[in-house]
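Colleague: Attaching a predicted model along with its sequence, questions to come.
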Amino acid sequence: MNAIKVAINGYGTIGKRVADAVDAQDDMEVVGVTKTAPSFGCNLAVKKEFPLYCTSDETKRISSFSESHFECCGGLSNLLSIADVVIDCSPGNVGSDNLSKYQDAGVKYIFQGGEKHELTGLSYTSSANHTENLNAEGSRVVSCNTTGLARTLVPLYEYCGSLNVECTMIRRAADPGDSKKGPINAIKPVLKVPSHHGPDVMTVKPEIVINSLAVAVPTTIMHVHAIVADLPENHGLTTESIVDLWKGTPRVVVMHGGGNRLTTTAEVMEMARDIGRKWGDLHEIFVWEDGAKLVGDRLYYFQAIHQESDVIPENIDCIRALMGVESDWRSSVAKTDAAISRYYSL
Ligand SMILES: NC(=O)c1ccc[n+]([C@@H]2O[C@H](COP(=O)([O-])OP(=O)(O)OC[C@H]3O[C@@H](n4cnc5c(N)ncnc54)[C@H](OP(=O)(O)O)[C@@H]3O)[C@@H](O)[C@H]2O)c1
């Protein structure tokens, strides 16, 4: 079978990671990445030998790359003309302007969580709705927070048959490479109540009843979720069996915080850096074993999300769903993760 030709439109925090993850797979290839203008990120594309394109088709903007000594292969239209699928990794709420370009070019498209569900009418998380996405024209990989919630809640829902969830998202203020966002000296509640994060889970698993509150705090490395989930009566679960359920779930890491001296996000990210993936990424959701407790039918737990990377492997599985090449989500996830592990161990 020919490799799936993947274009990455927007080569920033998410785009550069998705490009590497695609490059790691044996059933797909990166046919090009885009930047708005020459900048330091272009060097990375050159080093990786990813063909570089401009997000615009304007001649002046395309030629600005060569003026900075970068070889630019053309504009977005040129890139779309050689792609089977495009991963839109442009900044949130910008991607919607690109939809008609993808449709006109006849390529499949995947947006990120910064866009609204309504843009595509279809969203994606591997464990929740891979099948629903099979052979679709386009989809949206849900945000880092929603992906994190789905990773631990979907297996619980599959076991229990119903879940009623309230959660608080304690969100990093900015990504490490971001100098524009804040707060740096405050805790900022999201005053739109409930926040969109919890309800967004229902775009991939409508059966889970969920609401959320969110605050932004002055940290850059991870989000933390404080989750309260009401299980149905006669669920037959214990704290230990729930922890075992998560231990058997792909892309969830469960560890004892006290026993491993992993009691904060700083130590969790230091452990992630030890794994050795580029940028110190942690694709898995981290659950503190000693922070989980079932009291009656109510489950309390904490989890931490590496916001820059948990959605990366989901984009790969979403490509396979849209291209209709792998109908079983677990097979796709296993293939994606094994390829990424090999890539970073070379
Ligand atoms: N960062 C996270 O933690 C995170 C987590 C999950 C999901 N997301 C979502 O992923 C998406 C990308 O976020 P990001 O953090 O990667 O943003 P980012 O770091 O700001 O990168 C955005 C990239 O898109 C390019 N771009 C700008 N305008 C564009 C346009 N009109 N068309 C195509 N590309 C354009 C930028 O080009 P230049 O480099 O030339 O400026 C940049 O390379 C957003 O929807 C966001 O909500 C982000």
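Modeller: Thanks, I have the structure now.
Colleague: and this structure, what are its domains?
Modeller: The chain breaks down by automatic domain parsing into domains covering 4-142+311-345, 144-305.
Colleague: Export these to JSON lines and append columns for mean pLDDT and mean neighbour count.
Modeller: (Each C-beta comes from the backbone N, C-alpha and C, glycine too.) Listed next are the domains of the chain as JSON lines, based on pLDDT from 0 to 100; neighbours: other C-beta atoms under 10 Å:
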{"stretch": "domain 4-142+311-345", "mean pLDDT": "97", "mean neighbour count": "19"}
{"stretch": "domain 144-305", "mean pLDDT": "97", "mean neighbour count": "18"}
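Colleague: In JSON lines: those domains, plus distance to the ligand.
Modeller: Listed next are those as JSON lines, based on distance: least, C-beta to the nearest ligand atom, whole Å:
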{"stretch": "domain 4-142+311-345", "distance to the ligand": "2"}
{"stretch": "domain 144-305", "distance to the ligand": "4"}
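Colleague: Could you find the closest non-adjacent residue to W288?
Modeller: Leaving aside its chain neighbours, W288 sits nearest to G257 (4.4 Å; criterion: C-beta to C-beta, 6 or more residues apart in numbering).
Colleague: just V193 next, same as before
Modeller: Distance criterion C-beta to C-beta, 6+ apart; nearest residue to V193, sequence neighbours excluded, is L213 at 6.5 Å.
Colleague: CA atoms only: put the strand or helix carrying the one you found into CSV for me.
Modeller: Following DSSP states H and E, the helix or strand that holds L213 is strand 209-217. Written as CSV, here are the backbone C-alpha positions of strand 209-217 (Å, rounded to 0.1, in the frame of the first residue of the first chain):
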residue,chain,number,x,y,z
VAL,A,209,-22.6,13.6,31.5
ILE,A,210,-19.9,16.1,32.4
ASN,A,211,-19.4,19.7,33.4
SER,A,212,-16.3,21.6,34.3
LEU,A,213,-14.8,24.7,35.9
ALA,A,214,-11.4,26.1,34.9
VAL,A,215,-8.8,28.3,36.3
ALA,A,216,-5.4,29.4,34.7
VAL,A,217,-2.4,29.4,37.0
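Colleague: Mind giving me the packing neighbours of it?
Modeller: strand 164-172, strand 188-189, helix 197-201 (3 or more C-beta pairs under 8 Å, 6 or more residues apart in numbering; DSSP states H and E).
Colleague: Can you pull the phi and psi angles for whatever residue of the stretch 201-346 of the chain ends up closest to the ligand?
Modeller: In the stretch 201-346 of the chain, the residue found nearest to the ligand is Q307; the distance is 3.7 Å by C-beta to the nearest ligand atom. Main-chain dihedrals, Q307, degrees, to the nearest 10: phi -60, psi -30.
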